[in-house]
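> My questions concern the predicted model and sequence given below.
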Protein chains: 2
Amino acid sequence: MALLKTPYKGTRDHYPEELRIRKYIFAKWAQVCESFGFQEYSTPILEPLEIYAAKTGDEIVNEQTYSFEDRGGRKVVIRPEMTPSISRMVAARRQEMAYPARLYSIANFMRYEKMQRGRDREFWQLNADVFGDDSSFVEAEVIYMAEKILKSFGADESMFEIRINDRRLIDLVMHQYLELNDTESKAVVRLIDKINKLSAKDFELAVKDLFGKKRQDEVWSKLNSVINAKTFEEIPPEIVKSAEFQNVQELFKALASLGVGSAIFDITLMRGFDYYTGTVFEVFDLDPENNRAMFGGGRYDGLVGLFGVEPISAFGFAPGQLPMELFLESHKLLPRLLSEIEIGIALVEPEYVSQAFELAEKLRDEGHNVELDSRDVKLDKKFKTFEKKGIEKAIVFGEAEAKSGEYEIKNLGRSGR
Amino acid sequence: MALLKTPYKGTRDHYPEELRIRKYIFAKWAQVCESFGFQEYSTPILEPLEIYAAKTGDEIVNEQTYSFEDRGGRKVVIRPEMTPSISRMVAARRQEMAYPARLYSIANFMRYEKMQRGRDREFWQLNADVFGDDSSFVEAEVIYMAEKILKSFGADESMFEIRINDRRLIDLVMHQYLELNDTESKAVVRLIDKINKLSAKDFELAVKDLFGKKRQDEVWSKLNSVINAKTFEEIPPEIVKSAEFQNVQELFKALASLGVGSAIFDITLMRGFDYYTGTVFEVFDLDPENNRAMFGGGRYDGLVGLFGVEPISAFGFAPGQLPMELFLESHKLLPRLLSEIEIGIALVEPEYVSQAFELAEKLRDEGHNVELDSRDVKLDKKFKTFEKKGIEKAIVFGEAEAKSGEYEIKNLGRSGR
């Protein structure tokens, strides 16, 4: 009849030594964002269902949300992502806010997903977005910041790459270059999105399958020439002369001027969310063991306007904590993280507890984190406790220390993570 | 057809200037807790319903939870409080953990409550608990820490008091001194819990109403002598000689030895949760405009054992962010909080954007938070944006600055909160 000790399926308890890793990651995120003038905001864990129905992908809303009715009959959702919430917030103060608004948050989200490595049902994520500046320079600056976050952990450009594409360019390729209608275009985009999971032959067959005998060869050959273009020079000239392609080139010029070395153009990059309207990008882990998209972002100029105010441009990205932790682990970039507690005072004669407490307070006033172990147990038990907690310095406190006011700081040696 | 811009009922969006207050409070909480050797943990936002059904008050579970079934038919709850979750975590590592475990968390919770000042449906709370040390000294130390948190904000003992009682003493008074059975005892406790909301006469009538003609006068006169006792000396001698009362006195001795000046004994203090088993305390705001319990805590030795492991003692408290903010506001203890962004660079000649960016990066490397406004808009518009964001220093950057490498830091004056 005992209660279960396990957390809810797909979620985790974080004990101090585990939380330390998360706090390390969050602190770097916050520090880099703030150094670029991003200010932190926060939104409720629950949102009205309708704000996701509009633009988030169908799969997330229909199959992956934690949605329910509250006691007042309102349909609500535990937020599965931040973009609709921050768009709502910007809309609510559309007139008063200072633009460009550079905003970030570090928050938890829930999606009812199949369990897999690097993906929990509850997950923590940074969201960093700029509202009200649609220049290529700002896009480049934000992508530079994404790169700088990775570098702040000690990563270098051999470990990751940033793949960049543009939704407007994809539209142009689909509609003008390949002359597809909306339905065909969606189907092709969906296939390209899965291109890395299919063999070359299967991909070709799947594409051809979408079209009648008459068109399939022509569509395939044109599409093939596009998706195989690894450099700007290999892009078919009909596309190169378009304004959409000029945009992409301008972004790459800005990226080069900032020295973003990890950026590459990838016309097969699609990104899942329906709301992207321009540049999209994904940061890939290049570790062969962990080869996957770590996080991504892009331009979504249509979301704020859905809340009944004048639209405003938006560009941002959202790395998750767990994928980042896996990246840092696989590249051996996680440092040894010390316990927050610096000094343990082991009281050995109970009658001097007040004096031991006084010493603890004195050390706290000097800025130290101090645990006083006043239990009536043997000294080696106290030392064991300190060591388990990663406390590296100990003071044994008894009559001699109480009377002389002098004490020795004993080094318990390195432990902790 | 536009989406609503308002957050879900009873919750709040926090824009940067509002979040700054919350971050200020959280930072103090964390700093004081860590200085006492408390280590941070984190639990999932969703929990299985059953962990609350066991011991949390009925009202919370039946009327105030955000509970629902997940897509797999599991009954889950958005956590309404932390105590069952941290008890679960301790139970899960009952053998391995280092005791006394001093643990804290700062997290959000949800309760479906009537809207009122100082109470939102989503709220943030600190939880600080010690597991595995049931001495009076540790209780006093934790209460001292609660007091120190308030003092860390600049509060003094004229602004608050800490009321202390003991559940075991309440039981003794009800069962042995007043000779009530369980049902009667519960009813009387419930009335005492509301004593401040009733007139003296109404309270007397309500108590007498619970008993037949024969017993009502005797019960009332004995109860009255207990609840009117403002000092230890006024407590009836039958109670004073009990072990339960000795416990309370020992705690007060320990509190005195630590110099906790704001602690008073209050035999009418009951605390809502069913799980308390010993000392309970509440911190009251003494501001006549805001006279209310800010937060409380106590001993709950029975919760960990509910998870099928050997029980372990637990003592802690949980202040909420919003009540604390109201306290700080009403006592004028909130300082002017600066924007995170220190320096705004206003680019006035777009062709020098790379050089302006270089300067921004140089300043970032020196540890400053810097926003580069590279938009093609007038200078005064950029300054207005900086001021709205609370940025106090600005650098105007154009050809002269790019060529000379020299720049002037302009003071935009004090703004921000």
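Arrived safely.

> only C-alpha atoms for contact and neighbour calcs from this point on.
Fine.

> residue of the stretch 251-400 of chain A with the smallest distance to chain B?
A:Asn369 (3.7 Å; C-alpha to the nearest C-alpha).

> show me the contacts for the closest residue to that residue other than its chain neighbours.
Spatial nearest neighbour of A:Asn369, chain neighbours left out: B:Ser35 (3.7 Å); criterion: C-alpha to C-alpha, 6 or more residues apart in numbering or on different chains. Contact partners of B:Ser35, counting by C-alpha atoms under 8 Å, 6 or more residues apart in numbering or on different chains, are A:Ile341, A:Arg364, A:Gly367, A:His368, A:Asn369, A:Val370, A:Glu371.

> coming back round to it: and the residue of the stretch 251-400 of chain A closest to chain B, backbone torsions?
phi -100, psi 120 (degrees, to the nearest 10).

> Longest helix of chain A, counting residues only.
helix A:16-35 (DSSP state H).

> Would you mind listing the buried residues in that one?
For helix A:16-35, the buried set under the neighbour-count rule, 16 or more other C-alpha atoms under 10 Å in any protein chain shown, comprises A:16-17, A:19-22, A:25-26, A:29-35.

> Could you pick out the residues of the stretch 301-417 of chain A near chain B for me?
A:306-308, A:340-341, A:354, A:357, A:364, A:367-375, A:384-386, A:388-389 (C-alpha under 8 Å from any C-alpha of the partner chain).

> Please produce a ChimeraX select command covering the buried subset of these.
In ChimeraX, a selection of the buried entries from these looks like this (16+ other C-alpha under 10 Å):
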select /A:306,307,340,341,354,357,364,368,369,370,371,372,373,374,375,385,386,389
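
> Looking at the residues of the stretch 301-417 of chain A next to chain B, which are in helices?
Short answer: those in helices (DSSP H) are A:Ser354, A:Phe357, A:Arg364, A:Lys384, A:Thr385, A:Phe386, A:Lys388.

> Which residues are in contact with the spatially most central residue of chain A?
The residue lying closest to the centre of chain A (C-alpha atoms, centre = their mean) is A:Pro319, at 1.5 Å. A:Pro319 makes contacts with A:Gln125, A:Leu126, A:Asn127, A:Met294, A:Phe295, A:Gly296, as judged by C-alpha under 8 Å, 6+ apart.

> Next, format those as CSV and append neighbour count, secondary structure and pLDDT.
CSV is the format used below for the contacts of A:Pro319 (neighbours: other C-alpha atoms under 10 Å in any protein chain shown; DSSP: H, G, I helix; E, B strand; the rest coil; pLDDT from 0 to 100):
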residue, neighbour count, secondary structure, pLDDT
A:Gln125, 23, strand, 97
A:Leu126, 21, strand, 98
A:Asn127, 24, strand, 98
A:Met294, 22, strand, 94
A:Phe295, 20, strand, 96
A:Gly296, 22, strand, 96
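
> got TSV for those residues, with distance to A:Leu334 too?
Below are those laid out as TSV (distance: C-alpha to C-alpha, whole Å):
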residue	distance to A:Leu334
A:Gln125	18
A:Leu126	18
A:Asn127	22
A:Met294	16
A:Phe295	19
A:Gly296	22
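
> Which two among these are spaced furthest apart?
A:Asn127 and A:Met294 (13.8 Å; C-alpha to C-alpha).

> Can you classify A:Gly344 by secondary structure?
strand (DSSP: H, G, I helix; E, B strand; the rest coil).

> what about it, how many neighbours?
29 (other C-alpha atoms under 10 Å in any protein chain shown).

> who's in contact with it?
Contacts of A:Gly344 (C-alpha under 8 Å, 6+ apart): A:Val370, A:Glu371, A:Leu372, A:Asp373, A:Phe386, A:Ile391, A:Lys393, A:Ala394, A:Ile395.

> Not counting its neighbours along the chain, what's nearest the third one?
Ranked by C-alpha to C-alpha, 6+ apart and with sequence neighbours excluded, the top spatial neighbour of A:Leu372 is A:Ile345, at 4.7 Å.

> re earlier: what pairs with the closest residue to the residue nearest to the centre of chain A other than its chain neighbours across the strands?
Nearest non-adjacent residue to A:Pro319, counting by C-alpha to C-alpha, 6+ apart: A:Phe295, 4.8 Å away. Following DSSP bridges, A:Phe295 is listed with bridge partners A:Val283, A:Pro319.

> quick one: A:Gly302 and A:Pro311, what's the gap?
As defined by C-alpha to C-alpha, to the nearest Å, A:Gly302 lies at a distance of 6 Å from A:Pro311.

> cool, A:Ser354 as well?
According to C-alpha to C-alpha, A:Ser354 stands 64 Å off from A:Pro311.

> all strands for the stretch 251-400 of chain A, in order.
A:263-265, A:279-285, A:292-299, A:314-319, A:343-347, A:370-373, A:393-397 (DSSP state E, counting those that start in this stretch).

> hang on, I meant the stretch 51-200 of chain A
Going by DSSP E, counting those that start in this stretch, the stretch 51-200 of chain A shows strands at A:66-69, A:75-78, A:101-110, A:122-131, A:160-166.

> want to throw those into a markdown table with distance to A:Ile143?
A markdown table is the format used below for the strands of the stretch 51-200 of chain A (distance: least, C-alpha to C-alpha, whole Å):
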| stretch | distance to A:Ile143 |
| --- | --- |
| strand A:66-69 | 31 |
| strand A:75-78 | 29 |
| strand A:101-110 | 14 |
| strand A:122-131 | 11 |
| strand A:160-166 | 8 |
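
> Could you dump those strands into TSV with distance to chain B added?
Putting those into TSV (distance: least, C-alpha to the nearest C-alpha, whole Å) gives the following:
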stretch	distance to chain B
strand A:66-69	7
strand A:75-78	8
strand A:101-110	8
strand A:122-131	7
strand A:160-166	21
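
> near chain B, which residues of the stretch 101-250 of chain A?
A:Tyr112, A:Glu122, A:Asp133, A:Ser135, A:Phe137, A:Val138.

> Contacts only, for the fourth one.
Taking C-alpha under 8 Å, 6+ apart as the definition of contact, the neighbours of A:Ser135 are B:Arg375.

> Recalculate using a threshold of 6 Å.
If you count contacts by C-alpha atoms under 6 Å, 6 or more residues apart in numbering or on different chains, A:Ser135 has none.

> What of the first one?
Counting by C-alpha under 6 Å, 6+ apart, A:Tyr112 touches A:Gln64, A:Thr65, A:Arg121.

> measure the second one to A:Tyr112 for me?
Going from A:Thr65 to A:Tyr112 by C-alpha to C-alpha gives 6 Å.

> Provide a list of residue ranges in chain A with pLDDT below threshold.
A:54-60, A:414-417 (pLDDT under 70).

> Nearest spatial neighbour of A:Ser67, chain-adjacent residues omitted?
Nearest non-adjacent residue to A:Ser67 (C-alpha to C-alpha, 6+ apart): A:Val77, at 4.2 Å.

> isn't the one you found right up against A:Pro44?
No: applying C-alpha atoms under 6 Å as the test, A:Val77 and A:Pro44 come out as separate, 10.5 Å apart.

> Which parts of stretch A:203-214 count as buried, going by neighbours?
Buried residues in stretch A:203-214 (16+ other C-alpha under 10 Å): A:Phe203, A:Glu204, A:Val207, A:Lys208.
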